[in-house]
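> Pasting a predicted model and its sequence here:
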Amino acid sequence: MALVLRLHPSIIVLLVLGYMLDGPEIAAVEEEWCSTSRLSFSRREEAWEMMKKAEKGEKKWVLEVNKGAWTAEEDQKLVEYVRAHGDKKWRTLAAKAGLNRCGKSCRLRWLNYLRPGIKRGNISQDEEDLIIRLHNLLGNRWSLIAGRLPGRTDNEIKNHWNTHLSRRPLTIDDLNLQQHRKHEDGYGHSHPSKTPIEPSLGFNSGVSEEDRFEAWLPYHDAELFDAWADLSGSDFDVEHLFDFMSMPG
DNA sequence: AAATTCTTCAACCGCCAAAAC
DNA sequence: AGTTTTGGCGGTTGAAGAATT
């Protein structure tokens, strides 16, 4: 406790308030603490009142919020709760599931590791090719890139890029050359490597996003792109385009 | 075999926008 | 209409294991 009292006052307030409350309210305090939150003025006043009461001699149990690696038991609790009640309201979900974690931590664990359909293991050559292409096109928009790789998370793709690809001097031209050689060798390759793509356009080349998309897309699905262009009018919207391209025919 | 350095990646942090109040 | 809460994103960290000295 002596150590705690040397912490920043706002953290002490949150801890004390957390001690005094029950259930969802504890979860709320944990969440605010977890996200280094900015307490509203009224909430801060409330917290100070609670702390003064605590100093007068009531209460003394200690609340600790788990951090770091998840245990198998925590995983099980989270999976069971989400299966039964859904994956919304993470703040209260954590408390109701009996998890001593902040809501953000639970959400991240579910989305990146526990939810159904997550593909684990090595990223294939095709997937890697697609990551390089999409990164060339979109930059560090990891969630958008992940949306094109079923079962892969933005975190996983970001990690893969940072550890394997970012330092590799591999350009889109290199990929085209690889594909050309494969084609000459006579062995097939599934999408997205089946078609040549445009020469490399560096992300900071000064070419607009729209120009790069228009250069890139026709090689992938010209008919769909045309249909999308007819429908979407003059507004250029990457997310809209991807949504459209993924719609069942 | 021990110490040190490097690599990987799960988890956290801070910020923002949208939704809810 | 203003404030608070929630969900989501990209950047970063640090523990653990692997590789090297």
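That came in fine, so what should we check first?
> Okay, domains of chain A per the record?
Chain A is divided into the following domains under automatic domain parsing: A:2-55, A:72-114, A:125-246.
> Mean pLDDT lowest where, among the ones you listed?
When the domains of chain A are ranked by mean pLDDT, domain A:2-55 comes last with a mean of 42.
> element containing A:G151?
For A:G151, there is no helix or strand it lies in under DSSP states H and E.
> was I right about it contacting A:P116?
No. When contacts are counted by CB atoms under 8 Å, A:G151 is not listed as touching A:P116 (9.8 Å). (Each C-beta comes from the backbone N, C-alpha and C, glycine too.)
> higher neighbour count, those two?
The residue with more neighbours, out of A:G151 and A:P116, is A:G151; 13 against 7, by other CB atoms under 10 Å.
> Contact partners for the closest residue to that one other than its chain neighbours?
Residue nearest to A:G151 in three dimensions, not counting chain neighbours: A:K119, with 3.0 Å by CB to CB, 6 or more residues apart in numbering. Applying CB atoms under 8 Å, 6 or more residues apart in numbering, we find A:K119 in contact with A:150-152.
> Let's have these in a markdown table, adding distance to DNA strand B.
What follows is those, written out as a markdown table (distance: CB to the nearest atom of the strand, whole Å):
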| residue | distance to DNA strand B |
| --- | --- |
| A:P150 | 17 |
| A:G151 | 13 |
| A:R152 | 10 |
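> which one among these gets closest to DNA strand C?
Nearest to DNA strand C out of the contacts of A:K119 is A:R152 (CB to the nearest atom of the strand; 12.2 Å).
> What is the neighbour count of that closest one?
A:R152 has 21 neighbours, counted by other CB under 10 Å.
> For it, give me its contacts.
Counting by CB under 8 Å, 6+ apart, A:R152 has contacts A:119, A:123, A:127, A:146.
> any idea how far the second one lies from DNA strand B?
When distance is defined by CB to the nearest atom of the strand, to the nearest Å, A:I123 is 9 Å away from DNA strand B.
> same check, this time on the third one
According to CB to the nearest atom of the strand, A:E127 and DNA strand B sit 13 Å apart.
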